[in-house]
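Q: Give me coordinates for this.
(one chain, ligands or ions: 1)
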Amino acid sequence: MIISTLGSHSSLQILYGAKKEGFTTSVITDKNRENFYKRFNFIDEVKSYNSLDEALDLINKNNEESVFIPHGSLIEYLGMDRVKRIKTPIFGNRNLFEWEANQHKKMSLLKMAKIKIPESFESPEDVDRLVIVKLPGAKGGKGYFIAKNKEEVKEGLNKLLEAKLIKSIDEVIIQEYVIGIPMYFHFFYSPIFKRVEITGMDIRYETNVDGLRRLPTNLISVEPTFVVAGNIPVIARESILPRAFEYAENFVNTVKENVPPGMIGPFCLESIVTDNLDIVVFEFSGRIVAGTNLYIEGSPYSWLYWDEPMSVGRRIAREIKISKLENKLGEVTT
Ligand code: AMP
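A: Residues are numbered from 1 along each chain as shown. Just a heads-up that it's a prediction; the model follows:
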């Protein structure tokens with residue numbers, strides 16, 4: 001059986017884990033990165049494409065006996081229309097992609113799960129506090145801006161429209177900027193074991209916002225930006241974990257009710273922890289996040305479930321392996 005994925009994001013971790021679990025591994029990559037992926041002996045086949053339509057054909061080519069693993073770059077690279085035409089079984093719930101791509105639907109799912117979320121503002125006119133304005137999709141924070149009042153929001157939106165980064169202001173979300181520290185909680189829902197596991201935690205290292213604290217504020221006259229350039233490991237106070245689990249379980253139950261067949265595999269609750277140790281979740285990812293790349297030999301949490309090195313990539317492969325043995329592959333793929 002083949003496990004394949006698109007060459008980017010967390011593909012090395014995914015395929016390394018798949019090889020450890022005994023699968024044949026395949027990467028589908030842009031022609032320019034072919035040589036890069038050929039360096040790794042745990043990748044059995046490197047298939048390269050010259051166009052995105054060709055990429056889709058390659059994904060669909062071995063749909064018998066193969067499972068395709070989606071990650072954060074899939075929709076960014078291929079676009080939603082092509083992703084909808086993937087015929088190969090996907091590990092995870094493909095119906096969640098649309099919820100994730102739309103900022104408003106995304107926040108509504110968290111709200112339904114009774115998870116604490118930042119206030120959001122329908123119109124720039126309603127803004128009465130510090131806000132962050134976000135663009136749709138996982139663009140790694142590109143184009144986001146901070147605004148102190150409604151005038152600054154309108155000014156920033158006009159710039160985005162002029163730069164053609166958005167077509168209409170309905171695409172953005174205007175969200176209260178929560179003061180605290182970022183912590184991104186990685187979870188895995190196993191339909192086979194019927195349990196939520198915590199698999200790790202990270203902080204995104206973002207330029208330039210994370211660099212600004214290196215200089216005294218009186219020397220800085222630039223606006224903060226939020227372009228993700230890397231990830232930093234973090235561990236939470238244990239007393240924060242029960243609430244994080246409560247949110248994760250609520251989320252799994254809400255996805256089950258609203259987005260059939262429910263949550264399958266990795267997801268992340270991207271949060272700010274405030275000074276009264278509240279967790280405010282400002283977005284979710286319904287698939288593997290790049291922050292898990294930190295833990296290719298397992299995280300301090302994954303050891304609590306598995307007495308062996310267990311990355312999220314490997315955990316995915318383990319779920320596929322067990323479900324196949326139990327004739328339940330249909331429960332973990334869509
Ligand atoms: P996102 O694309 O939603 O993950 O946001 C990119 C980055 O912006 C995050 O990693 C945070 O640093 C920051 N951010 C997003 N939303 C908020 C918020 N509501 N309050 C504070 N910081 C935020």
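
Q: Report the secondary structure element holding the closest residue to Phe42 other than its chain neighbours.
A: Closest residue to Phe42 apart from its sequence neighbours, by Cβ to Cβ, 6 or more residues apart in numbering: Lys19 at 3.9 Å. C-betas here are computed from N, CA, C, even on glycine. Using DSSP states H and E, Lys19 sits in helix 11-20.

Q: And that helix, what does it pack against?
A: Where contact means 3 or more Cβ pairs under 8 Å, 6 or more residues apart in numbering; DSSP states H and E, helix 11-20 is packed against strand 2-6, strand 24-30, helix 312-325.

Q: quick one on the thing from earlier: the residue nearest to Phe42: what's it in contact with?
A: Contacts for Lys19 were tallied using Cβ atoms under 8 Å, 6 or more residues apart in numbering; they are 25, 42-44.

Q: wait, which of the helices and strands packed on helix 11-20 is closest to the ligand?
A: helix 312-325 (18.0 Å; Cβ to the nearest ligand atom).

Q: Could you pull out the buried residues of the helix holding Lys19?
A: 11-20 (16 or more other Cβ atoms under 10 Å).

Q: how far off strand 24-30 does it point, in degrees?
A: 160 degrees (axes from the mean of the first three to the mean of the last three Cα atoms, to 10 degrees).

Q: buried stuff in the biggest strand by length in the chain?
A: Identified as the longest strand of the chain according to DSSP state E is strand 195-208. The neighbour-count check on strand 195-208 (16+ other Cβ under 10 Å) flags 196-204, 206 as buried.

Q: on that earlier part again, could you export the contacts of Lys19 to TSV, including columns for pLDDT?
A: Listed next are those as TSV, based on pLDDT from 0 to 100:
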residue	pLDDT
Thr25	97
Phe42	98
Ile43	98
Asp44	97
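
Q: Pick out the most distant pair among these.
A: Using Cβ to Cβ, the pair of the contacts of Lys19 lying farthest apart is Phe42 and Asp44, separated by 8.0 Å.

Q: and for the two, which residues touch both?
A: Counting by Cβ under 8 Å, 6+ apart, the shared contacts of Phe42 and Asp44 are 19, 25.

Q: Between strand 195-208 and the longest helix along the chain, find me the angle.
A: Across the chain, the helix with the greatest residue count (assigned by DSSP state H) is helix 241-258. Here the directions of helix 241-258 and strand 195-208 differ by 100 degrees (the same axes, to 10 degrees).

Q: Only the C-alpha atoms, please, for helix 241-258, written as PDB.
A: C-alpha atoms of helix 241-258 as PDB (Å, rounded to 0.1, in the frame of the first residue of the first chain):
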ATOM      1  CA  LEU A 241      -4.000  21.100  29.700                       C
ATOM      2  CA  PRO A 242      -7.400  20.200  31.000                       C
ATOM      3  CA  ARG A 243      -9.000  23.200  29.400                       C
ATOM      4  CA  ALA A 244      -7.100  22.500  26.100                       C
ATOM      5  CA  PHE A 245      -8.500  19.000  26.100                       C
ATOM      6  CA  GLU A 246     -12.000  20.200  26.900                       C
ATOM      7  CA  TYR A 247     -11.800  22.400  23.900                       C
ATOM      8  CA  ALA A 248     -10.400  19.700  21.700                       C
ATOM      9  CA  GLU A 249     -13.200  17.300  22.700                       C
ATOM     10  CA  ASN A 250     -15.900  19.900  22.200                       C
ATOM     11  CA  PHE A 251     -14.400  20.600  18.700                       C
ATOM     12  CA  VAL A 252     -14.400  16.900  17.800                       C
ATOM     13  CA  ASN A 253     -18.100  16.600  18.900                       C
ATOM     14  CA  THR A 254     -19.100  19.700  16.900                       C
ATOM     15  CA  VAL A 255     -17.300  18.600  13.800                       C
ATOM     16  CA  LYS A 256     -19.100  15.200  14.100                       C
ATOM     17  CA  GLU A 257     -22.500  17.000  14.200                       C
ATOM     18  CA  ASN A 258     -21.900  19.600  11.500                       C
END
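
Q: number of nearby residues for Glu326?
A: The local packing of Glu326 (other Cβ atoms under 10 Å) involves 10 other residues.

Q: Helix or strand: which one has the closest residue to it other than its chain neighbours?
A: With sequence-adjacent residues excluded and distances taken as Cβ to Cβ, 6+ apart, Glu326 is closest to Ile192, at 7.0 Å. Ile192 is part of no helix or strand, with elements assigned from DSSP H and E.

Q: How about the residues of the stretch 101-250 of the chain by the ligand?
A: Proximity of the stretch 101-250 of the chain to the ligand, by Cβ under 6 Å from any ligand atom, involves residues 118, 132, 134, 141, 144, 175-178, 182, 204, 206, 226.

Q: which one in the residues you listed is the model shakiest on?
A: On pLDDT alone, Gly141 ranks lowest of those, at 76.

Q: Just give me the neighbour total for that residue.
A: 18.

Q: unless I'm mixing things up, it is touching Thr225, no?
A: Yes. Between Gly141 and Thr225 there is a contact at 7.2 Å, judged by Cβ atoms under 8 Å.

Q: Between the two, which contacts overlap?
A: Joint contacts of Gly141 and Thr225 (Cβ under 8 Å, 6+ apart) are Glu206.

Q: which stretches of the protein form strands?
A: With DSSP E, the ranges of strands along the chain come out as 2-6, 24-30, 45-49, 66-69, 120-121, 131-134, 145-147, 173-176, 181-190, 195-208, 226-233, 265-273, 279-285.
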